[in-house]
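**Student:** just to be clear, the model below is a prediction. Sequence and coordinates:
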Amino acid sequence: MALNGFIEFFQKGKVGNTFRPKKRFTQGTIRYSLHKQAQASLNSGINLRQVVRLPQGENMNDWLAVHVVDFFNRINLIYGTVSEFCTVATCATMSGGPRYEYLWADGVQYRKPTALPAPKYIELLMDWVECQINNENLFPVSTDIPFPRSFPTLCRKILTRLFRVFVHVYIHHFDRIVSIGAEAHVNTCYKHFYYFVQEFELVSPKELEPLSEMTSRICKDT
């Protein structure tokens, strides 16, 4: 399923409002060009394992930044389709089945890992990610400003937390995804995400465990 089809499906009003405004790249910047290049590769139907590889001569931090922002936007769209069904009553904990529960800590409001209902956890997670990618000291918009040394580590943390949204949606709300005919779109987004984090070892195997069976099933054909 091409990326254009994914975006069009989730923005035609078929699935309600998006979770929050999209983060965009400034036209004319290197990251805008990389974003368009990545989209073109996806839309061409090229093997997803090849799509995620760093283009020759490009900067790894730029490639990371483009994908972190794109995945943030798309996972927002996906969660927006199930958010009305993800309530304190239905999802009293942020979990991925009985074996996996996620605790929230941000070092500010929640200094210690804290159990929260899934909608609250995901709201805080998305607010936190949005804050990181809108901080130009962390995600510089100009090539004149270097990426911080901690940038790869930050991206690992962001992608690990975004993966938990996939876990929750797949395990607790996939019936909603199927009911609106979005299964193929969501699976493609997940496969793209999975191949990217695997290519650059950005999410630990332990974090990937909750969806390991599904991953081995839907990622075997690419």
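**Tutor:** Received, thanks. Numbering: from 1, shown residues only.
**Student:** checking the spatially most central residue of the chain next. Helix, strand or coil?
**Tutor:** In the chain, the C-alpha nearest the mean C-alpha coordinate belongs to Phe71, at 3.6 Å (CA atoms, centre = their mean). Under DSSP: H, G, I helix; E, B strand; the rest coil, Phe71 falls in the helix class.
**Student:** how many neighbours does Glu123 have?
**Tutor:** 17 (other CB atoms under 10 Å). Just so you know, the C-beta spots here come from the backbone N, C-alpha and C atoms, and that holds for glycine as well.
**Student:** look at it and report its pLDDT.
**Tutor:** On pLDDT, Glu123 comes in at 96.
**Student:** how much space between it and Glu130?
**Tutor:** In this view, Glu123 and Glu130 are 11 Å apart by CB to CB, to the nearest Å.
**Student:** try Val68
**Tutor:** Noted for Val68: a distance of 11 Å to Glu130, by CB to CB.
**Student:** likewise Phe72?
**Tutor:** Per CB to CB, Phe72 is found 7 Å from Glu130.
**Student:** the two - which one has more neighbours?
**Tutor:** Per other CB under 10 Å, whichever of Phe72 and Glu130 has more neighbours is Phe72, with 21 against 15.
**Student:** tell me where the chain has helices.
**Tutor:** 3-11, 30-43, 48-51, 60-82, 118-134, 151-172, 174-179, 183-199, 205-208, 212-218 (DSSP state H).
**Student:** what number of residues lie near the residue nearest to Tyr102 when sequence neighbours are not counted?
**Tutor:** Spatial nearest neighbour of Tyr102, excluding adjacent residues (CB to CB, 6 or more residues apart in numbering): Met94 at 4.5 Å. When neighbours are defined as other CB under 10 Å, Met94 has 26 of them.
**Student:** returning to what we had before: dump the helices of the chain into CSV; add distance to Val88 as well.
**Tutor:** Shown next, in CSV, are these (distance: least, CB to CB, whole Å):
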stretch, distance to Val88
helix 3-11, 25
helix 30-43, 36
helix 48-51, 36
helix 60-82, 15
helix 118-134, 7
helix 151-172, 13
helix 174-179, 17
helix 183-199, 24
helix 205-208, 25
helix 212-218, 26
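**Student:** of the ones you listed, which is nearest Tyr100?
**Tutor:** Closest to Tyr100 of the helices of the chain is helix 151-172 (CB to CB; 6.9 Å).
**Student:** so where's the protein uncertain?
**Tutor:** 1-46, 221-222 (pLDDT under 70).
**Student:** go again with 80.
**Tutor:** In the predicted model, the chain carries pLDDT under 80 at residues 1-47, 142-143, 220-222.
**Student:** relative to Leu211, how far out is Arg164?
**Tutor:** 10 Å.
**Student:** whoops, I mixed them up, Val165
**Tutor:** 11 Å.
**Student:** what does Asp175 give?
**Tutor:** Taken as CB to CB, the span from Asp175 to Leu211 is 16 Å.
**Student:** okay, these two: which has more neighbours?
**Tutor:** Between Asp175 and Leu211, counted using other CB under 10 Å, the more crowded position is Leu211 (21 against 9).
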